[in-house]
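Asker: With the input below, show me the fold.
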Amino acid sequence: MSHGHDSHELPHSHQKQYIILGVVLSIVTFIELGIPLIKGVPELWTAAKEVWAPLLVVLSIFKFGAVVGDFMHLRTDLTLYKILFVSPLFLAMFSFFAIGSLSIVHFHPFGKGYAITAQDLADGYVPPATGATAEPPLADDKFEAAFADAQKTSFAKGKETFTASCASCHRADGGGMPGLGVNLSDDCYKHGGKIAALYTTIAKGVSGTAMPAWQNSMDSEKMRQVAYYVRSLKGTNVAGGKECEGPKE
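Answerer: The predicted model follows:
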């Protein structure tokens, strides 16, 4: 019994369309994987540093839409199915961008950089430890040069931050105030006078005292500059300063 022409009829093939889409998705993935490698070219990375993160988001959305629309056939499905799928997707995207807009101000290059970032690490930031094992605020091979650079400008950056954030407890000249900040102009230190110890005290604060943990509201570079400035006050012994507190160094 013959089935006629229908026995040889093949379903419509989307092979060519899928091959083209596969190539496009491969190119997009290659771009996504290549963007982090641009960090190896600082001039190019820095010149467009505000672009890379949004570009990755756009590429990801494109890939998602292409896969769902073509490979999962949403593009040709009933309108009801499209609405059921797309509605929660928009809700998820709204939540993502809403939360992102609230938190992105804590990261470089979009805000003040309160959080520890790759840029902080590239600058030599080391998370502060406590006690005698505290690590330096800069890698050893970078510290001397950084301190010397600050000294060339009379520690202007650190002094500016100190005046705005620390002088209310330590006095503008570092002499200290009763019941509040210690005298920073002598050579006595309750929590250590080396740069590493000063940085740790600034970053983590001192429990049970008026000294707050500035790492919660100040980026690592500012804390480094304050540590340099405070270290430069050693031995200036300003008039009317508080009595020595802690061992001399």
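Asker: starting at the chain centroid, how far to the helix or strand hosting residue 84?
Answerer: According to DSSP states H and E, residue 84 maps onto helix 79-103. In terms of C-alpha atoms, centre = their mean, to the nearest Å, the centre of helix 79-103 is found 26 Å from the chain centre.
Asker: do stretch 229-248 as well
Answerer: That offset, for stretch 229-248, works out to 34 Å (C-alpha atoms, centre = their mean).
Asker: returning to that earlier point: in the helix holding residue 84, what counts as buried?
Answerer: Within helix 79-103, no residue counts as buried by 16 or more other C-beta atoms under 10 Å. All C-beta spots, glycine's among them, are computed from the backbone N, C-alpha and C.
Asker: which stretches of this protein have low pLDDT?
Answerer: Applying pLDDT under 70 to the chain flags residues 1-14, 69-77, 81-82, 85-86, 103-143.
Asker: Now do the buried residues in stretch 196-215.
Answerer: Buried, per 16+ other C-beta under 10 Å, within stretch 196-215: 196-205, 211, 214-215.
Asker: for these, which one is nearest residue 62?
Answerer: Set against residue 62, the nearest of these by C-beta to C-beta is residue 215 (38.1 Å).
Asker: Who are the contact partners of that closest one?
Answerer: 128, 202, 203, 204, 223 (C-beta atoms under 8 Å, 6 or more residues apart in numbering).
Asker: Kindly report the same for residue 248.
Answerer: 187, 188, 189.
Asker: Report the separation between the last one and residue 101.
Answerer: Residue 189 sits 42 Å away from residue 101, taking C-beta to C-beta, to the nearest Å as the criterion.
Asker: With residue 200 instead?
Answerer: 33 Å.
Asker: sorry, back to before: need the buried ones from the contacts of residue 248 selected in PyMOL.
Answerer: Here is the PyMOL command that selects the buried residues among the contacts of residue 248 (16+ other C-beta under 10 Å):
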select buried, resi 188+189
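Asker: and the closest residue to residue 234 other than its chain neighbours, what does it touch?
Answerer: Once flanking residues are discounted, residue 234 sits nearest to residue 187: 5.7 Å by C-beta to C-beta, 6 or more residues apart in numbering. By C-beta under 8 Å, 6+ apart, residue 187 lies in contact with 193, 234, 235, 248, 249.
Asker: all strands for this protein, in order.
Answerer: For the chain, strands defined by DSSP state E do not occur.
Asker: So for residue 38, what's the nearest residue that isn't a sequence neighbour?
Answerer: residue 45 (4.9 Å).
Asker: Please verify my assumption that that neighbour contacts residue 39.
Answerer: Yes. The pair residue 45 / residue 39 is scored as a contact, 5.0 Å apart, by C-beta atoms under 8 Å.
Asker: quick check: domain ranges of the chain?
Answerer: 15-106, 125-232 (automatic domain parsing).
Asker: Next, format those as TSV and append distance to residue 244.
Answerer: Shown next, in TSV, are those (distance: least, C-beta to C-beta, whole Å):
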stretch	distance to residue 244
domain 15-106	38
domain 125-232	4
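Asker: Of those, which stretch is the most buried?
Answerer: Stretch with highest mean neighbour count among those: domain 125-232 (a mean of 18; mean count of other C-beta atoms under 10 Å).
Asker: Residue 242: neighbouring residues, count only.
Answerer: Neighbour count for residue 242, taken as other C-beta atoms under 10 Å: 20.
Asker: My read is that it contacts residue 180, right?
Answerer: No. In this structure residue 242 lies outside contact range of residue 180 using C-beta under 8 Å: 9.4 Å.
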